[in-house]
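> coords below, sequence missing:
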RNA sequence: GAACCCGUAGGCUAAUGGUAGACCCUCUCGCUUACACCGAGAUGACCCAAGUUCGAUUCUUGGCGGGUUCACCA
């Protein structure tokens, strides 16, 4: 360990050495045999194919505050690092990096490229975490509890498959053919939670239709003219006088000349467009509901590849947008286009690929979720939300869940669905083994079920002659991620430990994935255990760039934490993160200046320590002077405040108080006041009074180090080490009851008085060391008279 | 369209029914035995309107502005 005397300023070189040691040591290892209370943190696994950004850096710092505080409180902290290596983001990165299409390359080859990408992905992220001083239980990848885990490891995928099999057997997972969100770019079904809406410009076309019975012309507006062929009904609002005479009549569609019924329906709005609407199969979700309600048979004219199919007649083979252009051309030629208008309208966009969503009917696997809405709402009452208001995000999402969760995806690099088919039989992979049906036969012990009745008929071994066709689809990444806490607590692999540690203590995560990660995890936890899977959940906001905009790769405003680690260091970054604000209440604007400014606080702490350690701490506690008693009472009060706040994940208010204490109270005032007494060169003070000062200096410093340790562990550990104490094992002090507000007030008066004297001397143009006459010490400060006189030379 | 959150100095924030406190920036002065990556000091702010109140930045209502989420858009 470094000697304080050798350190001029706190710097990144010192940090590098400390964090390297931490990373390699077993200092924060988790002991599963512990008798202590277990505190487990279900950390969000970052995607490893892109390096972590400031958002990750700051939020993991907060998690580390929590972990370090809990260790001091004597709890056994399980704080693993997971690496997300599954799903669409990995596939998309692979497509981009190697410039290959999964559909052309084929599954075998494409999967290999995915693995190649993952293997080449740097460990830069892990290194950043280490350098931030994040005290993960381990930085090693092995089988022990708390180690680094990969979401695509056979172990993790085994658990995913096991839960799938169980849910399938229970009838909670079923296959159905429904119209669903289709991403034409990625060629897969997506869940509602993976859809965003964006304001996109599109053209609103007023098109002439004919009415068969009356020969009159009607005008219908649409943004999706390419779907005219799929129109099932033309509607108007029942209140709309203009069209009442059309009830029950037949509209003739342009170009396709199909006969379509006209009816009144409240879905049509009088003031939208011409008041007449063509209801197409799957222009959007409301169309789907409409078709169901009216018992119309949907006609899907868009294929899986995003091209129009045979149902679109002349448009067959064209991409949706091309088809739109083509049909408008045709309509124009026939003189049926009345007018075109540019409108901005909200369009469903794939969160992953940014492609416009189409609605296509496909057979997919669904996990039942609608049936459990009430149960989920009930159990989340027992989860503590920090901040409380974030529960609303979850509540309102649960309210809006209207269809079951489509969990199958037509992609490659994810957990395979562990099923095989043979005639009217279905084979389920045995639980506890990882299988890849798309390239292997079912294990002999796989259970065989009747497709229709789902009755167990035997095992694959009983059907030696059958040819089994493996399922090719994979599972939604969220189907994996939503069991992260079960994986962390060794569900199905270490029953004893699971029993002891479930539910997990804390789920820390961003607000933007409440409807996915948080919701799905709670749903899955409930289906497995019937209980809420966390005690607490801490929902954080975002780190914004210097201009207050959300950081994202696409806008190119990402700040690399490595840069800050190299220039300002982890401790400055951490101290800034704690003092900047409450991340659970609002966004942080990332300010290099402010981060850099916190280095000053670190040096201040270093210098105070250097000063204090110039003096020996008295072996026995001396009789304390009234000033010293006041200071010790004050920091006892601060201890209680920190404890209370840390307990509810508030590190911001304590950090501000502690910084204020460090600068204003300890450094600027207390040390200045007691310098004379500490040195006692002129022997104006008794030996006991001097000892009281030395004792108090050490006491305050030690306590300050403890309170600051969760936030800035490197510098506090370094100083404590030099003082011969170990912050990690010394534990959290029991806070004593004090009159905090009163002490605070008295200290304020004291510091005000000091300021006044310093200001007066400055105005008189005299040095601070020169004596000053005609200054009266206020009554309430009389008990500190001796220190005040010595300090100010009154 | 609805719900929720939020509007405080040039920037970012805190507290508060009665003098609004830090930090960064700017300016002035200063080398005081831990500290010039410092110290001392200065300038500078409660979105608007109405209401409740002796008194509102704080509470209520409305407006304006920003953010988030949900819904809808033929």
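Now that the structure is in, tell me what you want to look at. Predicted model, so just to flag it, every value in this text is computed and none were measured.

> let me see the mean pLDDT of stretch A:386-395.
For stretch A:386-395, the mean pLDDT works out to 81.

> what do you get for stretch A:231-246?
For stretch A:231-246, the per-residue pLDDT values average out at 80.

> can you give me the end-to-end distance of it?
Across its full length, stretch A:231-246 reaches 17 Å end to end, with C-alpha to C-alpha, to the nearest Å as the criterion.

> for the spatially closest residue to residue A:626 that is not a sequence neighbour, give its distance to residue A:750.
In space, not counting the residues next to it along the chain, residue A:626 is nearest to residue A:783; the distance is 4.3 Å by C-beta to C-beta, 6 or more residues apart in numbering. In short, each C-beta sits where N, CA and C put it, glycine included. Here the criterion is C-beta to C-beta, to the nearest Å. By it, residue A:783 lies 10 Å from residue A:750.

> of the two, who's got more company?
Set side by side, residue A:783 and residue A:750 show unequal neighbour counts under other C-beta atoms under 10 Å, the larger going to residue A:750 at 23 against 16.

> that one belongs to a helix?
Yes: secondary structure of residue A:750, determined by DSSP: H, G, I helix; E, B strand; the rest coil: located in a helix.

> name the SS class of the residue in the stretch 1-150 of chain A that RNA strand B sits nearest to, please.
Nearest residue of the stretch 1-150 of chain A to RNA strand B, counting by C-beta to the nearest atom of the strand: residue A:9, 3.3 Å away. At residue A:9, secondary structure determined by three-state DSSP is coil.

> gap between the closest residue to residue A:441 other than its chain neighbours and RNA strand B?
Excluding the flanking residues, the one nearest residue A:441 by C-beta to C-beta, 6+ apart is residue A:468, at 5.8 Å. As for residue A:468, its distance to RNA strand B is 40 Å (criterion: C-beta to the nearest atom of the strand, to the nearest Å).

> check contacts around residue A:468.
In this structure, residue A:468 makes contact with A:420-422, A:427, A:441-442, A:460, judged by C-beta atoms under 8 Å, 6 or more residues apart in numbering.

> and the pLDDT at it?
96.

> likewise residue A:584?
Predicted confidence (pLDDT) at residue A:584: the value is 78.

> against which helices or strands is the helix or strand where residue A:378 lies packed?
Element membership of residue A:378 [criterion: DSSP states H and E] is helix A:373-379. In terms of contacts (3 or more C-beta pairs under 8 Å, 6 or more residues apart in numbering; DSSP states H and E), helix A:373-379 is packed against helix A:391-400, helix A:519-529.

> enumerate the positions of the first one that are buried.
This points to helix A:391-400. Within helix A:391-400, the residues scored as buried using 16 or more other C-beta atoms under 10 Å are A:391, A:393-394, A:397-398.

> adjacent strands (with direction) for the following helix or strand past it?
The first helix or strand that comes after helix A:391-400 along the chain, using DSSP H and E, is strand A:405-406. Using DSSP bridges, the neighbouring strands of strand A:405-406 in the sheet come out as strand A:358-367 (antiparallel).

> so which bits of the partner strand are buried?
Going by neighbour count (16+ other C-beta under 10 Å), the buried part of strand A:358-367 is A:358-360, A:362, A:364-367.

> tell me who's in contact with residue A:441.
Contact analysis of residue A:441 by C-beta under 8 Å, 6+ apart lists A:420, A:468, A:470.

> wait, which of those is closest to residue A:79?
When the contacts of residue A:441 are compared for distance to residue A:79 (C-beta to C-beta), residue A:470 comes out closest, at 38.5 Å.

> for that closest one, grab the count of nearby residues.
Neighbours of residue A:470 using other C-beta under 10 Å come to 20.

> next one: it from residue A:164, what distance?
15 Å.

> can you name the residues in contact with the helix holding residue A:378?
So helix A:373-379 is contacted by A:395, A:398-399, A:401, A:519, A:522-523, A:526, A:531-532 (C-beta under 8 Å, 6+ apart).

> would CSV of the helices and strands packed on helix A:373-379 with distance to residue A:617 be doable?
Supplementary listing: these in CSV, determined by distance: least, C-beta to C-beta, whole Å:
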stretch, distance to residue A:617
helix A:391-400, 48
helix A:519-529, 50
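
> who wins for proximity to RNA strand B among the ones you listed?
Within those, the stretch nearest RNA strand B is helix A:391-400; the backing value is 3.9 Å (C-beta to the nearest atom of the strand).

> show me what the closest one is packed against.
Packed against helix A:391-400, as judged by 3+ C-beta pairs under 8 Å, 6+ apart, are the following elements: helix A:373-379, helix A:519-529.

> quick one: contacts of it?
Residues outside helix A:391-400 that contact it (C-beta under 8 Å, 6+ apart): A:193, A:373, A:376-377, A:380, A:383, A:385, A:511, A:514-515, A:518-519, A:522, A:539.

> list the buried residues for the strand ranked longest in chain A?
Counting residues, the longest strand found in chain A (DSSP state E) is strand A:195-211. Under the neighbour-count criterion of 16+ other C-beta under 10 Å, strand A:195-211 has A:205-207, A:209-211 buried.

> show me what the nearest residue to residue A:278 once chain neighbours are set aside bridges to in the sheet.
Taking C-beta to C-beta, 6+ apart as the measure, residue A:278 lies nearest to residue A:231, with 4.5 Å between them; neighbours along the chain are not counted. Using DSSP bridges, the bridge partners assigned to residue A:231 are residue A:280.

> got the contact list for residue A:231?
Shown in contact with residue A:231 (C-beta under 8 Å, 6+ apart): A:253, A:258, A:260, A:278-280.

> how close does the nearest residue to residue A:307 once chain neighbours are set aside get to RNA strand B?
Leaving aside its sequence neighbours, residue A:307 sits nearest to residue A:319 (C-beta to C-beta, 6+ apart; 5.4 Å). Residue A:319 is 19 Å from RNA strand B, where distance means C-beta to the nearest atom of the strand.

> wait, what's in contact with residue A:319?
A:306-308.

> make it 10 Å
With contacts taken as C-beta atoms under 10 Å, 6 or more residues apart in numbering, residue A:319 has the following neighbours: A:184, A:226, A:302, A:305-308, A:325.

> over to residue A:452?
Residue A:452 is in contact with A:424, A:426, counting by C-beta under 10 Å, 6+ apart.

> can you pull the residues of the stretch 451-600 of chain A lying near RNA strand B?
Those residues of the stretch 451-600 of chain A that sit near RNA strand B, judged by C-beta under 7 Å from any atom of the strand, are A:511-512, A:515, A:548, A:550, A:580-582, A:585-587, A:589, A:591, A:593-594, A:597, A:599-600.

> can you list which of the residues you listed are found in strands?
By the criterion of DSSP E, membership of these in strands covers residue A:589.

> can you get me a residue count around the residue lying closest to residue A:36 once chain neighbours are set aside?
The shortest distance from residue A:36 to any non-neighbouring residue, by C-beta to C-beta, 6+ apart, is to residue A:76 (4.2 Å). Number of residues near residue A:76 (other C-beta under 10 Å) recorded here: 20.
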